[in-house]
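A.B. asks: return a 3D structure for these sequence lines:
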Amino acid sequence: MTNKVVVIFSGGMDSFTVLNRALKDGKEVFALSFDYGQRHVKELKCASKVCEQLNVNHKVIDISAINQLLAGSSLTDDIDIPEGHYEAENMKSTIVPNRNMILISLAVAYAVSVGATQVYYGAHSGDHAIYPDCRPEFVEKMNDVCQIANYEAVEIFSPYLNVSKTAILTDGLAMNLDYSNTWTCYNGREKACGKCGACEERLEAFRDNNAVDPIEYE
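C.D. replies: Alright, predicted model coming up:
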């Protein structure tokens with residue numbers, strides 16, 4: 001059985017931990033990042049830097065042309081990024097329509113082409129409240145479809161699906177991971193804002209682990 005896996009790697013702390021978990025599990029990793037027109041494109045620079053350091057095969061695919069079909073999200077349109085926790089109603093503006101189904105579908109195609117049997121995907125329980133495409137039922141149904149979509153079955157594997165961002169960071173710190181080369185903030189500025197839902201959840205995870213976030217905040 002092949003040891004190859006594709007890891008959807010945004011450059012954020014969750015997918016960074018997933019990438020390292022796959023390596024720790026002895027997998028041959030093919031990292032895949034997407035430029036879909038997100039304003040926090042800085043995360044892609046982090047992804048490239050990490051893969052270069054780890055000597056991991058990495059592709060960054062420009063799919064920003066589809067942005068004209070994905071209107072209405074504050075992550076891709078000229079809409080202010082909301083402040084507050086993910087559980088707040090206003091955070092729904094950060095939903096990019098059908099994003100994860102699109103990204104997973106492309107990752108599965110890549111997996112088939114390189115002979116990988118799994119796609120690692122960093123959904124976690126903290127995303128469940130606001131993002132339908134991070135919930136267990138979505139991942140389970142996508143996994144079912146990806147078993148039959150090609151002659152080669154591909155498993156959608158989310159190692160942290162039912163745990164919190166705090167637990168993801170706990171695992172990462174246990175692996176002695178350096179989170180200075182990750183980007184979580186939804187704003188694409190030089191420093192993280194510390195106020196958007198992504199920043200708040202990240203900072204909460206570091207506090208819960210009695211650790212200091214190594215990136216700079218405004």
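A.B. asks: mind listing what's buried in the longest strand seen in the chain?
C.D. replies: For the chain, the strand with the greatest residue count under DSSP state E is strand 28-35. Across strand 28-35, burial judged by 16 or more other C-beta atoms under 10 Å covers Val29, Phe30, Ala31, Leu32, Ser33, Phe34. Yep, even glycine has a C-beta here, placed from its N, CA and C like the rest.
A.B. asks: go on, stretch 154-173?
C.D. replies: Buried, per 16+ other C-beta under 10 Å, within stretch 154-173: 154, 156-161, 164-173.
A.B. asks: start and end of it, how far apart?
C.D. replies: 29 Å (C-alpha to C-alpha, to the nearest Å).
A.B. asks: mean confidence score for that stretch?
C.D. replies: Taken as a whole, stretch 154-173 has an average pLDDT of 95.
A.B. asks: of the buried residues of stretch 154-173, which belong to strands?
C.D. replies: Filtering the buried residues of stretch 154-173 for strands - DSSP E - leaves Ile156, Phe157.
A.B. asks: mind checking which of the buried residues of stretch 154-173 are in helices?
C.D. replies: Per DSSP state H, helices hold the following members of these: Lys165, Thr166, Ala167, Ile168, Leu169, Thr170, Asp171, Gly172, Leu173.
A.B. asks: helices of this protein, start to end?
C.D. replies: Counting by DSSP H, the helices of the chain are 13-24, 42-54, 99-114, 136-148, 165-174, 197-208.
A.B. asks: picking up where we left off before, list the contacts of the longest strand of the chain.
C.D. replies: For strand 28-35, contacts defined as C-beta atoms under 8 Å, 6 or more residues apart in numbering pick out 3-11, 19, 22-23, 41, 44, 47-48, 51, 56-64, 103, 106-107, 110-111, 114, 116.
A.B. asks: rewinding a little: nearest to Tyr120, out of the helices of the chain?
C.D. replies: Among the helices of the chain, helix 13-24 comes nearest to Tyr120, with 5.2 Å by C-beta to C-beta.
A.B. asks: could you say what helices and strands that closest one packs with?
C.D. replies: strand 4-8, strand 28-35, helix 42-54, strand 118-120, helix 165-174 (3 or more C-beta pairs under 8 Å, 6 or more residues apart in numbering; DSSP states H and E).
A.B. asks: find the residue ranges of the protein scoring beneath the pLDDT cut-off.
C.D. replies: Residue ranges of the chain with pLDDT under 70: 1, 39-40, 70-97, 126-130.
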